[in-house]
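*Asks:* The amino acid sequence is not available; the structure is as follows:
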């Protein structure tokens, strides 16, 4: 079976964009963006309904593609660890890979107060 990565990426990317632009989604997602400091704790600062929405974006493609539960659990675990990394207070840079994978540097820029969503 082919990797569902492009499908996951598509759902996660556009789902996240929707969180910044659709008022009802932003209402719950804004909790994450109100963290005073972007650090590993901010990775899990979220409204419970936003958490359900995000976990759905992460798992729905895998479930629809019939992936094994172990593969889904592995991906969710990776995403959780990656969230800790990109929200961490480190200066680790990933070079050209940043455009593909992101990094703490880029994610801190994303959390800049000027970025935000709709209010």
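*Replies:* That came through fine. This structure is a prediction, so every number in the text was calculated from the model and none was measured.
*Asks:* Report how many residues lie close to residue 24.
*Replies:* Around residue 24 sit 10 other residues, with neighbours defined as other C-beta atoms under 10 Å. C-betas here are computed from N, CA, C, even on glycine.
*Asks:* phi, psi of residue 16?
*Replies:* Backbone torsions for residue 16, taken as degrees, to the nearest 10, come to phi -70, psi -40.
*Asks:* For the nearest residue to residue 103 once chain neighbours are set aside, give its distance to residue 14.
*Replies:* Setting aside the residues directly before and after it, residue 103 is nearest to residue 94 in space (C-beta to C-beta, 6 or more residues apart in numbering), at 4.8 Å. As for residue 94, its distance to residue 14 is 23 Å (criterion: C-beta to C-beta, to the nearest Å).
*Asks:* So for those two, which sits in the more crowded spot?
*Replies:* Neighbour tally, residue 94 and residue 14, criterion other C-beta under 10 Å: the higher count belongs to residue 94, 14 against 11.
*Asks:* and that one, what pLDDT?
*Replies:* Here, the pLDDT recorded for residue 94 equals 86.
*Asks:* go on, residue 40?
*Replies:* The per-residue pLDDT of residue 40 was computed as 84.
*Asks:* now the one 3 residues further on
*Replies:* On the pLDDT scale, residue 43 is placed at 86.
*Asks:* Tell me how many other residues crowd it.
*Replies:* One way to gauge burial is a neighbour count; for residue 43, by other C-beta under 10 Å, it gives 20.
*Asks:* Wait, it touches residue 84, no?
*Replies:* Yes - with contacts defined as C-beta atoms under 8 Å, residue 43 counts as touching residue 84 at a distance of 5.2 Å.
*Asks:* What is the burial count for residue 101?
*Replies:* Residue 101 is surrounded by 12 other residues when neighbours are defined as other C-beta under 10 Å.
*Asks:* where in this structure is pLDDT low?
*Replies:* Using pLDDT under 70 as the threshold, the predicted model of the chain has low-confidence ranges 1-7, 113-119.
*Asks:* all helices for it, in order.
*Replies:* Listed in chain order, the helices of the chain (DSSP state H) span residues 5-21, 23-33, 48-64, 69-87, 98-101, 104-110.
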